[in-house]
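Colleague: I need the structure of the sequence given here:
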Amino acid sequence: MAKITLDEIKELRSKTGIGIADCKEALEQSKGDFEKAVEFLRKKGILKAKKRASRETANGFIGSYVHNGQIGVLVELVCETDFVSRNEKFQSLAKEISLHVAAECPLYLSREDVPNDVLQKEKEIIAERLKKEGKPEHILAKIVEGQMSKFYEEVCLLEQPYVRDNKKRIRDLVDEAVASFGEKVEISKFVRIVLGEED
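Modeller: Sure, this is the predicted structure:
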């Protein structure tokens, strides 16, 4: 099997908007050929479903998970049709994501949801640490941006590695559902409650 680089995966992802795991698989199956990789994604149904991204999601299911009566999670997973919302696999996905939220404690849904002041503060903390480590000033900004992806992985649900399979991100699970059901599927919101913890 062809050795696929991270840059190739990122390039295919930027062109298609598809999750990393699916892009990697497509490139491996097509031995690094971009056109064949796109064709592979189309055959799998992922690209077609991605084009549905602008469609309205008026249906869905609220998945829940309670851990030892101490941590409670609700996740709203939405889709286009009530046919899909009643599907056992769809409902199971909502429950799985709620279990993940209980275990991994994300603070935000996506990168776009992280407030600007929180981002700036995190960048300052990373930059300060890098300066103490003696990193050259002229490449500091680039290193900071690189290390921000780790921060997003920690705080953003869609970026987090799935608790049951860290080769996949939560975003990849949603993308797989989109491909499987052939319609728009997305996490619209989630809430995590810890007994006795202030908001």
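Colleague: Output the lowest mean pLDDT helix or strand found in this protein.
Modeller: Here the helix or strand of the chain ranked lowest by mean pLDDT, DSSP states H and E is helix 46-50, holding a mean of 57.
Colleague: Can you tell me the SS state at Lys135?
Modeller: coil (DSSP: H, G, I helix; E, B strand; the rest coil).
Colleague: Spatially, which residue comes closest to it, not counting chain neighbours?
Modeller: Closest residue to Lys135 apart from its sequence neighbours, by Cβ to Cβ, 6 or more residues apart in numbering: Ile143 at 6.1 Å. Where you see a C-beta, it was placed from the backbone N, CA and C, and this is true even at glycine.
Colleague: wait, isn't Val178 in contact with Lys184?
Modeller: Yes. With contact defined as Cβ atoms under 8 Å, Val178 reaches Lys184; the gap is 6.7 Å.
Colleague: so Arg192 is in which element?
Modeller: Secondary structure assignment for Arg192, by DSSP states H and E: strand 185-194.
Colleague: So which elements touch that strand?
Modeller: strand 71-79, helix 88-104, helix 170-181 (3 or more Cβ pairs under 8 Å, 6 or more residues apart in numbering; DSSP states H and E).
Colleague: Tell me which residue of the chain is furthest from the middle?
Modeller: Within the chain, Gly134 marks the point farthest from the mean C-alpha position, 33.2 Å out by Cα atoms, centre = their mean.
Colleague: Leu109 reaches Arg192, doesn't it?
Modeller: No. Leu109 is beyond contact range of Arg192, at 11.8 Å (criterion: Cβ under 8 Å).
Colleague: and this protein, what are its domains?
Modeller: Per automatic domain parsing, the structural domains of the chain span 6-44, 53-109+156-194, 115-154.
Colleague: List the buried residues in the last one.
Modeller: Taking 16 or more other Cβ atoms under 10 Å as the basis for neighbour counts, the residues of domain 115-154 that come out buried are 122-123, 126-127, 130, 144, 147-148, 151-152.
Colleague: For that domain, what is the distance to the chain centroid?
Modeller: The chain centroid and the centroid of domain 115-154 are separated by 21 Å under Cα atoms, centre = their mean, to the nearest Å.
Colleague: cool, the first one as well?
Modeller: Taking the mean C-alpha point of domain 6-44 and that of its whole chain, the gap between them comes to 17 Å (Cα atoms, centre = their mean).
Colleague: same question for it, mean pLDDT?
Modeller: For domain 6-44, the mean per-residue pLDDT is 79.
Colleague: Over to the last one?
Modeller: Averaging pLDDT along domain 115-154 yields 86.
Colleague: surely the residue nearest to Lys135 meets Leu130?
Modeller: Yes. Between Ile143 and Leu130 there is a contact under Cβ under 8 Å: 5.8 Å.
Colleague: circling back to that earlier point, element containing the residue nearest to Lys135?
Modeller: Ile143 belongs to helix 140-155, assigned by DSSP H and E.
Colleague: Give me the contact list for that helix.
Modeller: The contact list for helix 140-155 (Cβ atoms under 8 Å, 6 or more residues apart in numbering) reads 106-108, 111, 114, 119, 122-123, 126-127, 130-131, 135, 159-161.
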